[in-house]
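Peer 1: only the shape, not the letters, is given here:
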């Protein structure tokens, strides 16, 4: 069953450089009714101002998926990976036994709008990994496109969790239907 949670009901903080909304309890936002869903722990919607970002910080035992909606996000990590993530691209960082990374808005003039999704891995202590892939709009327009899965099905990125992440770009008034007869409207 799909549970709709209106955007206005999420935890929201505006730190000046970061405007962030939390679907589940995260950082200073705590709501015992919204602690996560199964292995899904975090869905944060962030807008980071030009030239600003998250300094180097650690993670372990988490599948971290970043999706850029608008703008560009610069990524650097302790594995030596450095990349820029753009709209329609998905980044997966398996934190595993431990990793440090930083993320900054790659623009000095425009904000970056992104979603960050954290999923608990199927097992702890994995080797840290990084993967990034583009999913062109024509693959997402008016349809569900698998973008992350445990087995990399349909060209999706591989996550070490029993979860599947789909993406769709829906014109106003359109809807898509999931295989179980559930649908999403816009």
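Peer 2: Yep, that arrived. Please read all numbers here as calculations on a predicted model, not as lab measurements.

Peer 1: alpha carbons only for contacts and neighbour counts from here, please
Peer 2: OK.

Peer 1: quick one: end-to-end distance for stretch 81-90.
Peer 2: Using Cα to Cα, to the nearest Å, one end of stretch 81-90 lies 15 Å from the other.

Peer 1: quick check: buried residues in it?
Peer 2: Across stretch 81-90, burial judged by 16 or more other Cα atoms under 10 Å covers 84-90.

Peer 1: how about the helices in this structure?
Peer 2: 137-140 (DSSP state H).

Peer 1: picking that back up, and which of the buried residues of stretch 81-90 is nearest to residue 34?
Peer 2: Lowest distance from residue 34 to these (Cα to Cα) belongs to residue 90, with 25.0 Å.

Peer 1: how much space between the closest one and residue 49?
Peer 2: Residue 90 is 20 Å from residue 49, by Cα to Cα.

Peer 1: pLDDT weak spots in this structure?
Peer 2: Along the chain, segments meeting pLDDT under 70 span 1-2, 180-186.

Peer 1: inside strands: which ones of the buried residues of stretch 81-90?
Peer 2: 84-85, 89-90 (DSSP state E).

Peer 1: what's near enough to touch residue 114?
Peer 2: By Cα atoms under 8 Å, 6 or more residues apart in numbering, the contact list for residue 114 reads 45-47, 66-70.
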